[in-house]
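In: test case, fold it:
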Amino acid sequence: MRRRRRGTVIAAAAAAAALALVAGAAGTAGAADRAAEGAEKRGRGGERLYVPPANPDAYTQIGELVEAGEYRDAAGIARMVTTPQAVWLNGNGDDSRIRQEVARIVRDAARKGALPVLALYNVPGRDCSQYSAGGAANTAEYKAWIDEVARGLGGRRALIVLEPDSLALLPSDCGQDDDEGTLTAARYAEIRYAVETLSARPGATVYLDAGHSGWHGVGSIAPRLVEAGIERTAGFYLNASNYRADEELAWYGKLVSGCVEYVQGGGDAASCPDQWSDRNDAQAWLDENVTADPSDQPHFVTDTSRNGKGPWTAPAGLYPDPQEWCNPPDRGLGARPTTRTGDPLHDARLWIKIPGESDGLCLRGTEGPQDPARGMVDPAAGQWFPEQALELVRNAEPPLRP
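Out: Reported below is the predicted structural model:
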């Protein structure tokens, strides 16, 4: 524990030094900018959201940019990493210390009067054993890990993004399951256990994985949410680590919410309109079949960390497998995190994915090792990606403050 705390202190000192360099060299941290940064941390007029320590390699990049005289880019990276974003807990470290790690985060957030966003990412068989493979070895190990997370939370507040891709990418979706669906049944049991355990904590607000608007149809994802126990949660989250546009996500979220309520009432999910249906017809269906009271429906949050330019469309026929979700070029930061969305079903815009961290070694169906869309070898999943970080800052929509 001492070693981890020492690393945190060093990282914080590096951040302070880098930000001071930017301020001194480019005048980017004056009173007006400090006020603007404070507004971002408070969630644009909504609830104050937690800013965790950044990836240490981000601080390195800031320092290198300052040394090169690239002050605007340095300031942009500094602003990006001091914007509220999620803390990912993935079980890749010493699982015996997860309770202390969670407790440290929620205590720090409480001292700052902020709400932390925790992305729990340790379900067995996560990511279908692809770029972000890993997770607990089995259900028993996963349940024990969830128990420790819950003990670490105590009664403190946290918004929990439970297991990205866990429901949109079931074992049965990627050919990992047997004919009896054993692993998929286990996945549902694991998520239900996590929901039951974490929702019992008085300060925890839990959201389930619902993929995004370019993936499952409404009638496909809604029954999965019901099977996973959505009735015991606040709702679901959309677009984790992806790039779909805000308006598209808001409409999809409304449709999914309505379909979940309809299914919970005994309706058939196949009757629900999907995101590709005529919008007027879909709205008429909602008006007829779904309560008008948002408090009766599951709510949702969205990941806007990298959707400022929307999704990337690869040139037709250029790559055997375009992997348009994987480190797409020329994307931008999206809307800043806030709990004030203007939509009674939409609880928050969040930065769930840590912007600047790689999606993985993207090969797009080629033998590699280079990413053919970038002409370079991408960093492994979760590693800092300086080139992408600069793209996100330069293409931010809305733009970052100068």
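In: Ala189 - that's part of a strand, no?
Out: No - read with DSSP: H, G, I helix; E, B strand; the rest coil, Ala189 is helix and lies in no strand.
In: quick one, helices of this structure?
Out: Remark: helices assigned in the chain by DSSP state H are 2-26, 31-41, 56-67, 71-81, 98-111, 139-153, 182-199, 218-227, 246-264, 279-289, 386-394.
In: so the fourth one versus helix 56-67, what angle?
Out: Spelled out, that is helix 71-81. Relative orientation of helix 71-81 and helix 56-67, computed by axes from the mean of the first three to the mean of the last three Cα atoms, to 10 degrees: 160 degrees.
In: make 606 the starting number, not 1.
Out: Understood, numbering begins at 606; the last thing we discussed is helix 676-686.
In: packing partners for helix 676-686?
Out: The contact analysis (3 or more Cβ pairs under 8 Å, 6 or more residues apart in numbering; DSSP states H and E) places helix 676-686 against helix 607-631, helix 661-672, helix 991-999. C-beta coordinates here come from the backbone N, C-alpha and C atoms, glycine included.
In: picking that back up, as JSON lines, the helices of the chain with mean neighbour count and mean pLDDT would be great.
Out: Output for those, formatted as JSON lines (neighbours: other Cβ atoms under 10 Å; pLDDT from 0 to 100):
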{"stretch": "helix 607-631", "mean neighbour count": "14", "mean pLDDT": "48"}
{"stretch": "helix 636-646", "mean neighbour count": "13", "mean pLDDT": "41"}
{"stretch": "helix 661-672", "mean neighbour count": "20", "mean pLDDT": "98"}
{"stretch": "helix 676-686", "mean neighbour count": "23", "mean pLDDT": "97"}
{"stretch": "helix 703-716", "mean neighbour count": "18", "mean pLDDT": "97"}
{"stretch": "helix 744-758", "mean neighbour count": "19", "mean pLDDT": "96"}
{"stretch": "helix 787-804", "mean neighbour count": "19", "mean pLDDT": "97"}
{"stretch": "helix 823-832", "mean neighbour count": "22", "mean pLDDT": "98"}
{"stretch": "helix 851-869", "mean neighbour count": "23", "mean pLDDT": "98"}
{"stretch": "helix 884-894", "mean neighbour count": "14", "mean pLDDT": "98"}
{"stretch": "helix 991-999", "mean neighbour count": "20", "mean pLDDT": "98"}
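In: output those helices in JSON lines, with distance to Asn727 appended to each entry.
Out: JSON lines is the format used below for those (distance: least, Cβ to Cβ, whole Å):
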{"stretch": "helix 607-631", "distance to Asn727": "18"}
{"stretch": "helix 636-646", "distance to Asn727": "28"}
{"stretch": "helix 661-672", "distance to Asn727": "22"}
{"stretch": "helix 676-686", "distance to Asn727": "24"}
{"stretch": "helix 703-716", "distance to Asn727": "9"}
{"stretch": "helix 744-758", "distance to Asn727": "6"}
{"stretch": "helix 787-804", "distance to Asn727": "10"}
{"stretch": "helix 823-832", "distance to Asn727": "19"}
{"stretch": "helix 851-869", "distance to Asn727": "25"}
{"stretch": "helix 884-894", "distance to Asn727": "36"}
{"stretch": "helix 991-999", "distance to Asn727": "25"}
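In: report the central residue of this structure.
Out: Ile957 (2.5 Å; Cα atoms, centre = their mean).
In: quick one: contacts for the residue lying closest to that residue once chain neighbours are set aside?
Out: The shortest distance from Ile957 to any residue other than its chain neighbours is 3.9 Å, reached at Asp908 (Cβ to Cβ, 6 or more residues apart in numbering). Counting by Cβ atoms under 8 Å, 6 or more residues apart in numbering, Asp908 touches 842-847, 955-958.
In: and those residues, which of them are in strands?
Out: Among the contacts of Asp908, DSSP state E puts 842-843, 955 in strands.
In: neighbours around Leu1005, how many?
Out: 22 (other Cβ atoms under 10 Å).
In: same question for Ala850.
Out: Here the number of neighbours of Ala850 (other Cβ under 10 Å) works out to 18.
In: ok, back up a step: is it true that the residue nearest to the centre of the chain touches Val766?
Out: Yes - at 5.6 Å, Ile957 and Val766 qualify as touching, with contact defined as Cβ atoms under 8 Å.
In: shared neighbours of the two, anything?
Out: Counting by Cβ under 8 Å, 6+ apart, the common neighbours of Ile957 and Val766 are 691, 722, 724, 842, 845.
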